[in-house]
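Asker: no sequence on this one, just coordinates:
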Ligand SMILES: NC(=O)C1=CN([C@@H]2O[C@H](COP(=O)(O)OP(=O)(O)OC[C@H]3O[C@@H](n4cnc5c(N)ncnc54)[C@H](O)[C@@H]3O)[C@@H](O)[C@H]2O)C=CC1
Ligand SMILES: N[C@@H](CC=O)C(=O)O
C-alpha cells in the first residue's frame, strides 16, 4: 500500500501504537483473587497505556473448567462473555493459541490453589512465558521440582515472581531476597504469617464469640484458603515459612516443618461440605484454650524460622499456637494483619518489622498486579 493512501490520522495512530510495549497475559484462576485482578487490570489499563507506554493485553482467562481466548484483548464484560463463549480446554491449548497469533512478551498468571496446575509451569516457560503466581504450591513441592524449575527459567531467560506467596500484598519476599543477596545475615524470621488466622484469633480474643462464628465470618469474607482447612491445619503457614527458608538458600522440605494442626481429628478427612456443617466442633476445645491462659494474654498462631541459618541444613521451622501478653507487638495485632519480624546481624536485637493486611482478595490482587508491572519493565 502506498503510504500516501493512508489517512494522516491513521498513520499517526499506528506510530503511537508502535511506541507501546504490549505484554500478553494469560490468567488462570478467576476466584476471589483472580477476578479482582482482572478487574483491577482492566480498570487501570488506559492510564497505564498512556503513562507507561505499556499495553497490558489479557488474551486468556481460564478456570478449572473453561477458557476465554481473544488475541486482541478481553474486556470489562469478561464474566458474561466467558459464560457464553468459554470453551473446555487443556492448558497447552493456551500455548498453541499464543503461537498461532504470534503473541510475544507472554506472562502466565497462576491464581489457582491447584497442585496439578503448577506441573504445567515448565512447558509454559519453555514456550516463552514468564510466571507470576499467588499460588504457593509451585514453591513448596520437593526441592527437585523447585531447582529444576529455576534451571529451566534460567535456560529460557524467563522470570518467576511470587511476592504474594507470603504476606499477600506486603513487600516481604522481595525484602528478604534483597537482604540475603546483599550479604545480610538473616538470623530469624518470626511472626503471624497467616492473614486468615490472624483475623480469626484477633476476633476470637477480642470478642466473646464462639470459635465457629468467627471462623465462618473469615470464610465468608474471603480471607481463608479455598478450603479453610489449609489454613487451620497449618499447611498454609508452613508453606510460607518454607518459601522464605528457600529464599535463604536453606535446603528444606515441607516434611521438615513442625506444625501444630488446629483441626479436630474428626474433621480432618471429611468432605469440605461436611466440614463446613461441623464448624461447631471447634468451639469446646478452643474455649478451653482461651480460658486456660494467664490474665491479659491472647492466642496467636505463629511461624518461626530459626536455628543456624548460615548452614544449608541448620534451620528449624515451626508453626504453633501460642499465648502472648495482650500488650506485646503480636498481642496488639488487629483485623487480618500479618506481622513479620526479621532479625539480622546488622539490625541486632531490634528486628525489621513488616506489618499489614496479610489476606484479602483486593490486596493480594494488587500484589500480583505489582509483580506483573515489575516483570513488564524487564520485557522488551
Ligand atoms: N485470599 C487471599 O487472601 C490470598 C490468596 N493467595 C492465593 O491466591 C490463590 C487464589 O486464591 P482464591 O482466589 O482465594 O481462590 P479461589 O478458590 O477463590 O479461586 C481459585 C480459582 O482457581 C481455579 N482453578 C482451580 N484449579 C484450576 C486449574 N487446574 N486450572 C485453572 N484454574 C483452576 C478455580 O476454578 C477458581 O477460579 C491461592 O493459591 C491462594 O493461596 C495468596 C495470598 C492471599
Ligand atoms: N490463607 C492465607 C491467604 C494468603 O496467603 C493467609 O491466611 O494468609
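Answerer: Cool, the structure landed. Everything numeric here is computed off the predicted structure, so don't read it as measured data. Numbers count the residues shown, from 1 in each chain. Ligands and ions are numbered 1, 2, ... in the order given.
Asker: middle-most residue in the chain, spatially?
Answerer: With distances taken as C-alpha atoms, centre = their mean, residue 134 lies nearest the centre of the chain, 2.7 Å away.
Asker: Per-residue pLDDT of that residue, please?
Answerer: Looking at residue 134, its pLDDT is 98.
Asker: Find the residue closest to it in space, skipping its chain neighbours.
Answerer: residue 164 (4.4 Å; C-beta to C-beta, 6 or more residues apart in numbering). Using the backbone N, CA and C atoms, a C-beta is placed for each residue, glycine as well.
Asker: from what I can see the one you found touches residue 364, true?
Answerer: Yes: the pair residue 164 / residue 364 is scored as a contact, 5.1 Å apart, by C-beta atoms under 8 Å.
Asker: Can you work out which residues contact both of those two?
Answerer: Taking C-beta atoms under 8 Å, 6 or more residues apart in numbering as the contact rule, residue 164 and residue 364 both touch 33, 134.
Asker: okay, now the residue nearest to residue 150 when sequence neighbours are not counted: neighbour count?
Answerer: Leaving aside its sequence neighbours, residue 150 sits nearest to residue 160 (C-beta to C-beta, 6+ apart; 7.7 Å). Residue 160 has 19 neighbouring residues, counting by other C-beta atoms under 10 Å.
Asker: partner residues bridging residue 160?
Answerer: Beta bridges link residue 160 to residue 131, judged by DSSP bridges.
Asker: What are the neighbouring residues in contact with it?
Answerer: 121, 130-133, 138, 149-150, 153.
Asker: can you pull the contacts of the residue nearest to residue 300 when sequence neighbours are not counted?
Answerer: Closest residue to residue 300 apart from its sequence neighbours, by C-beta to C-beta, 6+ apart: residue 330 at 5.0 Å. For residue 330, the contacting residues are 191-192, 300, 302, 324, 339, by C-beta under 8 Å, 6+ apart.
Asker: What number of residues are in the vicinity of the residue nearest to residue 134?
Answerer: Residue 164 has 28 neighbouring residues, counting by other C-beta under 10 Å.
Asker: Can you name the residues of the chain sitting close to ligand 1?
Answerer: Counting by C-beta under 6 Å from any ligand atom, the residues of the chain close to ligand 1 are 28-34, 62-64, 111-114, 116-117, 134-136, 164, 168, 195, 222-223, 225-226, 359-361, 364.
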